[in-house]
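# here is a sequence with its predicted model. Questions after.
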Amino acid sequence: MRAIVRLARLLERADAGLSLAQFRILELVSRGTERSTHIATRLATSKPAITVVVEGLVAAGLLTRRGEPGDRRVVRLALTTEGREALAQAEIAYGDRLRPLLAEISAPDALLGQLAEVDDAMDARWARHSPSAKDQAPKATAAKEAAAAKEPTDLQTPPSPEAEVPATR
């Protein structure tokens, strides 16, 4: 558990241009989750908390909202071109932040593959437990597919001194 929390802290310190909360929302929208209610369920948080982040993403021009014809209560989210670019840049920044740490472990490709499996298991679990999830289950990302096929050549970057996050007790 400690390692997962420390990894989150490592990513929070990345110069990604997005917070982790913004990244998670953009990433879910990019995989087909269009409604704030479904995003809130998927991220195990409240709809008001998602709405606050979505407001900022819309104001920044990274997301758009569109109504559902015939049902004014339904609002669908979509990435803008700028949102896709911001998401791609954040993925690169998070990858750059993790790469030095991955270079220090014995089987980085195995770890990335296992993390992709955990992500798939979480998607499957969410789909089984969420009545509205069948149409909202996120699609596999290019990043997941790339992680599975990734060659270890670019993981040989020497570790940087800032890659380590101090332990907290």
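Happy to help now that I have it. Residues are numbered from 1 along each chain as shown.
# phi, psi for the residue of the chain most remote from its centre please.
In terms of distance from the mean C-alpha position of the chain, residue 70 ranks first, at 31.6 Å (Cα atoms, centre = their mean). Main-chain dihedrals, residue 70, degrees, to the nearest 10: phi 90, psi -10.
# from residue 47, how far out is it?
Remark: distance between residue 70 and residue 47 (Cβ to Cβ, to the nearest Å) = 22 Å. The way it works is simple: take the backbone N, C-alpha and C, and place the C-beta from them, glycine included.
# tell me the confidence at the residue most central in space within the chain?
Nearest to the geometric centre of the chain sits residue 24, at 3.8 Å (Cα atoms, centre = their mean). We have a pLDDT of 94 for residue 24.
# same question for residue 71.
So, for residue 71, pLDDT stands at 79.
# and for residue 46, the neighbour number?
By the measure other Cβ atoms under 10 Å, the count of residues near residue 46 is 10.
# no wait, residue 59
9.
# what segments of this structure are helices?
Using DSSP state H, the helices found in the chain span residues 2-12, 20-30, 36-42, 47-59, 81-102, 108-129, 142-149.
# looking at those helices, which is nearest to residue 75?
Nearest to residue 75, of all the helices of the chain, is helix 36-42, at 7.1 Å by Cβ to Cβ.
# CA atoms only for that closest one, dumped as PDB, please.
In PDB, the C-alpha atoms belonging to helix 36-42 read as follows (Å, rounded to 0.1, in the frame of the first residue of the first chain):
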ATOM      1  CA  SER A  36     -20.300  13.000 -14.900                       C
ATOM      2  CA  THR A  37     -22.400  10.600 -13.000                       C
ATOM      3  CA  HIS A  38     -20.600   7.600 -14.500                       C
ATOM      4  CA  ILE A  39     -17.200   9.300 -14.000                       C
ATOM      5  CA  ALA A  40     -18.100   9.800 -10.300                       C
ATOM      6  CA  THR A  41     -19.100   6.200  -9.900                       C
ATOM      7  CA  ARG A  42     -16.000   5.000 -11.700                       C
END
